[in-house]
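S.K.: 3D model of this:
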Amino acid sequence: MFYNSLTSRDRLKLKDAVLPIPNGSQETLSKRRFDPIQQLFVDKLREYKQKSSGGTKLVEASPVIEKELKSELEKAAKQYGSGPGVDMTKFPTFKFSEPTIDPINLEKS
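M.R.: As a prediction, the model looks like this:
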């Protein structure tokens with residue numbers, strides 16, 4: 001499928017491409033057989049990537065699902081202390097002060 005969708009110039013480039021084989025030898029793409037199930041899987045991954053706009057939104061989500069996602073994100077932000085102007089992607093900074101320790105007088109023993 002993928003190979004058939006290429007232009008003849010791209011096919012020639014791929015035909016001469018040398019691919020490494022796990023046993024250490026090399027062979028050209030024209031000699032290598034394609035697994036049809038693997039090709040279907042790759043096609044579905046590409047279709048999913050295209051539908052998801054590069055992973056920035058849910059794929060084929062109904063308005064109910066999007067509303068539920070928004071409410072869950074708001075609930076998590078509220079639970080973990082997010083508010084206006086708080087960047088939740090930034091690692092928190094910790095400030096520790098030195099504790100005051102009472103001196104122990106060892107000479108009295």
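
S.K.: quick one: the strands in the protein?
M.R.: Taking DSSP state E as the criterion, the chain contains strands spanning 18-20, 26-28.

S.K.: ok, the closest residue to S82 other than its chain neighbours - how many residues close by?
M.R.: The shortest distance from S82 to any non-neighbouring residue, by C-beta to C-beta, 6 or more residues apart in numbering, is to M88 (5.0 Å). C-beta: built from backbone N, CA, C; applies to glycine. M88 is flanked by 12 other residues according to other C-beta atoms under 10 Å.

S.K.: wait, isn't M88 in contact with E74?
M.R.: No: here M88 does not reach E74: they are 11.7 Å apart, not a contact under C-beta atoms under 8 Å.

S.K.: ok, E60 - contacts?
M.R.: Neighbour list for E60: K51 [criterion: C-beta atoms under 8 Å, 6 or more residues apart in numbering].

S.K.: mind redoing it with 10 Å?
M.R.: K51, S52 (C-beta atoms under 10 Å, 6 or more residues apart in numbering).
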